[in-house]
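Novice: Next input, structure requested:
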Amino acid sequence: MEGAAGQIGLGVVIALVVVALAFDFMNGFHDAANSIATVVSTHVLKPYQAVVLAAFFNFAAFFVFHLSVAATVGKGIVDQGIVDQYVVFGALIGAIAWNLITWWYGIPSSSSHALIGGLVGAAVAKAGTGALIAPGLLKTIAFIFVAPVLGMVFGALLMLAVAWIFVRTTPSRVDRWFRRLQLVSASLYSLGHGGNDAQKTAGVIWMLLIASGYLSAKDPLPAWVLVSCYVMIGLGTAFGGWRIVKTMGQRITKLRPVGGFCAETGGAAMLFLATNLGIPVSTTHTITGAIVGVGTAQNVSAVRWGIAGDLLWAWVLTIPCSAFMAALAWALGRALL
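Specialist: Take a look at the predicted model:
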């Protein structure tokens with residue numbers, strides 16, 4: 001790689017766009033469990049049916065959401081003036097490395113925060129902490145905690161409301177109703193997943209195109225970028241992250257269709273809210289919080305708090321670990337490319 005920001009060759013730009021789309025595919029692959037774990041674990045859909053449904057609605061999000069999250073990632077986390085090919089390379093490699101590690105060990109960490117950590121690590125390695133944009137970074141970090149808490153609250157409230165509404169209905173009839181309704185809730189969650197997550201990769205490509213001089217800071221995000229990102233995250237979901245499904249679907253708490261519906265609907269509400277506010281949140285954190293909320297509403301002891309605690313450690317470590325890996329990747333890129 002040669003050149004500085006604003007003078008990046010077309011071949012380098014194409015190569016980095018390919019790496020970004022590879023990350024987007026991995027995002028869908030890694031986070032497929034978020035969209036399908038509940039609907040598979042309650043036996044409403046078979047795995048292959050669930051991934052097709054999730055992949056379709058991941059892409060359908062292209063027609064639903066504005067580009068607020070892409071703008072935050074592309075322009076609101078690090079100073080655009082320091083972005084060059086090495087920063088983008090370091091950010092993507094750091095995020096991909098952390099995703100691979102957590103996927104291999106079946107840990108449902110956040111691809112979103114891995115990408116944010118990658119941007120932070122590469123930017124700080126190049127220009128120090130002054131390269132960070134505090135408002136965008138702080139609201140993203142805050143939602144590491146806000147997203148699962150709100151997901152938990154929404155999931156618990158829905159579970160309590162359903163219990164009250166159907167108090168005189170037989171369990172078998174409730175189960176039949178919510179087996180159907182869970183198809184709706186899973187679709188909504190996949191829609192929110194695609195809307196928030198695909199835009200993060202689009203934001204990185206947007207950042208790269210501005211840094212390379214192919215776009216100005218005021219130019220809109222090209223449609224081909226957004227379509228490519230939605231297609232890749234949908235394909236990644238279609239291949240599925242099966243190592244994580246069991247953790248998300250059954251190890252935190254046992255779910256029935258009514259619980260799956262409440263968890264997915266509560267998680268979807270949180271994702272719709274965050275995406276409209278332009279906040280890049282973790283779909284992993286959100287659905288985990290919603291599942292915990294559903295379990296807590298039924299019985300506090302129904303939640304395996306030890307496993308939930310292990311997941312919390314993974315969440316806390318994601319940004320610093322991916323940032324460290326991105327800083328190393330940035331240095332290697334500078335030295336070798």
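
Novice: Now the element after the lowest-mean-pLDDT helix or strand in the chain, going C-ward?
Specialist: When the helices and strands of the chain are scored by mean pLDDT, DSSP states H and E, helix 242-246 comes last with a mean of 52. Following helix 242-246 in sequence order, the next helix or strand is helix 257-277 (DSSP states H and E).

Novice: in that following helix, what counts as buried?
Specialist: Going by neighbour count (16 or more other C-beta atoms under 10 Å), the buried part of helix 257-277 is 257-272, 274-275. (Each C-beta comes from the backbone N, C-alpha and C, glycine too.)

Novice: How about stretch 281-301?
Specialist: Going by 16+ other C-beta under 10 Å, stretch 281-301 has these buried residues: 281-298.

Novice: shaky segments in the stretch 201-337 of the chain?
Specialist: Along the stretch 201-337 of the chain, the parts satisfying pLDDT under 70 run over 240-254, 299-311.

Novice: Could you do the stretch 1-150 of the chain as well?
Specialist: For the stretch 1-150 of the chain, the ranges with pLDDT under 70 are 1-7, 32-35, 108.

Novice: How about the secondary structure of Leu45?
Specialist: coil (DSSP: H, G, I helix; E, B strand; the rest coil).

Novice: contacting residues for it?
Specialist: By C-beta atoms under 8 Å, 6 or more residues apart in numbering, the residues touching Leu45 are 36, 39, 53, 183, 186.

Novice: now Phe57
Specialist: 35, 187-188, 190-191, 193-194.

Novice: residues contacting Val162?
Specialist: So Val162 contacts 258, 261-262 (C-beta under 8 Å, 6+ apart).

Novice: Kindly state the pLDDT recorded for it?
Specialist: On pLDDT, Val162 comes in at 93.

Novice: did I read that right, it in a helix?
Specialist: Yes: when classified by three-state DSSP, Val162 is found to be part of a helix.

Novice: From Pro148, how far off is it?
Specialist: Per C-beta to C-beta, to the nearest Å, Val162 is found 21 Å from Pro148.

Novice: repeat for Val39
Specialist: Taken as C-beta to C-beta, the span from Val39 to Pro148 is 20 Å.

Novice: what's the neighbour count on Leu132?
Specialist: 18 (other C-beta atoms under 10 Å).

Novice: so what's the nearest residue to it once chain neighbours are set aside up against?
Specialist: Closest residue to Leu132 apart from its sequence neighbours, by C-beta to C-beta, 6 or more residues apart in numbering: Val78 at 6.0 Å. Counting by C-beta under 8 Å, 6+ apart, Val78 touches 87, 119-120, 123, 131-133.

Novice: ok so, going back, emit the ChimeraX select command for whichever of the contacts of Phe57 are buried.
Specialist: Of the contacts of Phe57, the buried ones go into a single ChimeraX selection, burial set by 16+ other C-beta under 10 Å:
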select :35,187,188,190,191,193,194
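
Novice: and which of the contacts of Phe57 is nearest Ala22?
Specialist: Nearest to Ala22 out of the contacts of Phe57 is Gly194 (C-beta to C-beta; 17.4 Å).

Novice: any idea which element the closest one lies in?
Specialist: Using DSSP H and E, Gly194 maps to helix 171-211.

Novice: What angle do helix 257-277 and that helix make with each other?
Specialist: Angle between the axes of helix 171-211 and helix 257-277 is 20 degrees (criterion: axes from the mean of the first three to the mean of the last three C-alpha atoms, to 10 degrees).
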